[in-house]
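> Here is my input; please provide its structure:
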Amino acid sequence: MDLYKLTAFELHRLLANKEISVRDVVESFKERVLSTDEELGSFLLFNWEEALHKAQELDAEIAGGKEVDTLTGIPVGYKDNICTKGLKTTCASKM
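Numbers count the residues shown, from 1 in each chain. Coordinates of the predicted model:
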């Protein structure tokens with residue numbers, strides 16, 4: 001299943017029903033971005049290590065009975081003009 005093609009609502013439903021894992025979602029999006037970004041140039045920075053680490057934490061919490069909130073496990077891309085702690089912000093310029 002190409003999880004990257006699903007809506008946030010559809011991903012939420014699958015995660016809540018434990019039909020997929022957060023790691024499955026992250027891996028699907030990672031594969032899609034890596035296969036298309038050379039042509040599209042959509043991303044300046046990937047933080048896959050952190051995304052996979054967080055996915056592992058969330059999967060453990062879900063397995064332990066934590067309720068899956070609406071956006072739990074849903075990947076998000078941020079514009080490079082939003083400052084994020086520990087990540088380089090460039091606004092795609094040489095500033």
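> Spit out the contact partners of Met1.
Ile20 (C-beta atoms under 8 Å, 6 or more residues apart in numbering). Heads up, the C-betas are built off the backbone N, CA and C, glycines and all.
> sec struct for the spatially closest residue to Lys18 that is not a sequence neighbour, please.
Nearest non-adjacent residue to Lys18, counting by C-beta to C-beta, 6 or more residues apart in numbering: Ile62, 7.0 Å away. What DSSP: H, G, I helix; E, B strand; the rest coil gives for Ile62 is helix.
> And Ile62, how close does it get to Val33?
24 Å (C-beta to C-beta, to the nearest Å).
> mind listing what's buried in the longest helix seen in the chain?
Longest helix in the chain, counting residues (DSSP state H): helix 22-40. The neighbour-count check on helix 22-40 (16 or more other C-beta atoms under 10 Å) flags 22-30, 33 as buried.
> now do stretch 56-67
So stretch 56-67, judged by 16+ other C-beta under 10 Å, has buried residues 58-59, 62.
> circling back to that earlier point, could you report the pLDDT at the residue nearest to Lys18?
pLDDT recorded at Ile62 is 96.
> what is the mean pLDDT for the longest helix of the chain?
For helix 22-40, the mean per-residue pLDDT is 96.
> Any idea which residue is closest to the centre of this protein?
Pro75 (2.6 Å; C-alpha atoms, centre = their mean).
> That residue and Glu10: what is the separation?
With C-beta to C-beta as the criterion, Pro75 and Glu10 are 13 Å apart.
> what helix or strand is Val76 on?
In this structure, Val76 sits in neither a helix nor a strand according to DSSP states H and E.
> per-residue pLDDT, it?
For Val76, pLDDT reads 89.
> returning to what we had before: between the buried residues of helix 22-40, which sits nearest Leu3?
Ser28 (3.7 Å; C-beta to C-beta).
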